[in-house]
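Asker: heads up, no residue letters with this:
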């Protein structure tokens, strides 16, 4: 029975690297995969790219993309052994249900990778839906400067000061976000 998986973590935990390794493992065994990432993340348009230099081509999804229809059409032509989705926090709730339908109705395992929370400690809608309905939840680990497990994403300014307000989504990497443990995240935000 195919499952819907959610691999989640803070920034810099290796989510994209883990996705690329899983994709490689399927392909090395002669299996067919389909990789997706959010069009919203313009840093590597059309690619899933890891910080350690690995990358792979990907289909782009937008909030209005019907993932069940698009992936299902590909599966009807070339049967898929796995679907991998990067930046899963940007999925809509409907898209999460579409991915669950791929596992439940078409028997395709779906592996989603994304952030659990935003820079204020709030769940992203896609992540909340995945946490609610995924068959398997896997937390990937990042490390805070203090050595504890980093679970939070602090948005920072160019000079490293904490950003306390703003839009939930602002694309960036190490230049805009720092992965911290909850204690140091709370201290930075004055909580």
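Answerer: Looks like it arrived, so ask away. Remember, it's a predicted structure, so these values are computed and weren't measured experimentally.
Asker: Going by C-alpha atoms from here, please, whenever you check contacts or count neighbours.
Answerer: Will do.
Asker: can you give me the strands in this structure?
Answerer: For the chain, strands defined by DSSP state E occupy the ranges 4-9, 33-38, 47-49, 55-57, 59-61, 82-85, 110-115, 136-139, 142-143, 149-150, 152-155, 177-180.
Asker: Just send those back as TSV, with mean neighbour count and mean pLDDT too.
Answerer: Below are those laid out as TSV (neighbours: other C-alpha atoms under 10 Å; pLDDT from 0 to 100):
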stretch	mean neighbour count	mean pLDDT
strand 4-9	24	97
strand 33-38	22	96
strand 47-49	23	82
strand 55-57	15	86
strand 59-61	18	95
strand 82-85	23	98
strand 110-115	26	97
strand 136-139	14	97
strand 142-143	19	92
strand 149-150	22	92
strand 152-155	27	84
strand 177-180	24	85
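Asker: Any idea which of those gets closest to residue 73?
Answerer: For the strands of the chain, proximity to residue 73 was assessed by C-alpha to C-alpha; strand 33-38 is nearest, at 11.9 Å.
Asker: Strand partners (parallel or antiparallel) of that closest one?
Answerer: strand 59-61 (parallel), strand 82-85 (parallel) (DSSP bridges).
Asker: could I get those as JSON lines with distance to residue 19?
Answerer: Below are the strands paired with strand 33-38 laid out as JSON lines (distance: least, C-alpha to C-alpha, whole Å):
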{"stretch": "strand 59-61", "distance to residue 19": "14"}
{"stretch": "strand 82-85", "distance to residue 19": "7"}
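Asker: how about those strands, which one is nearest residue 29?
Answerer: Comparing these by C-alpha to C-alpha, strand 82-85 comes nearest, at 12.1 Å.
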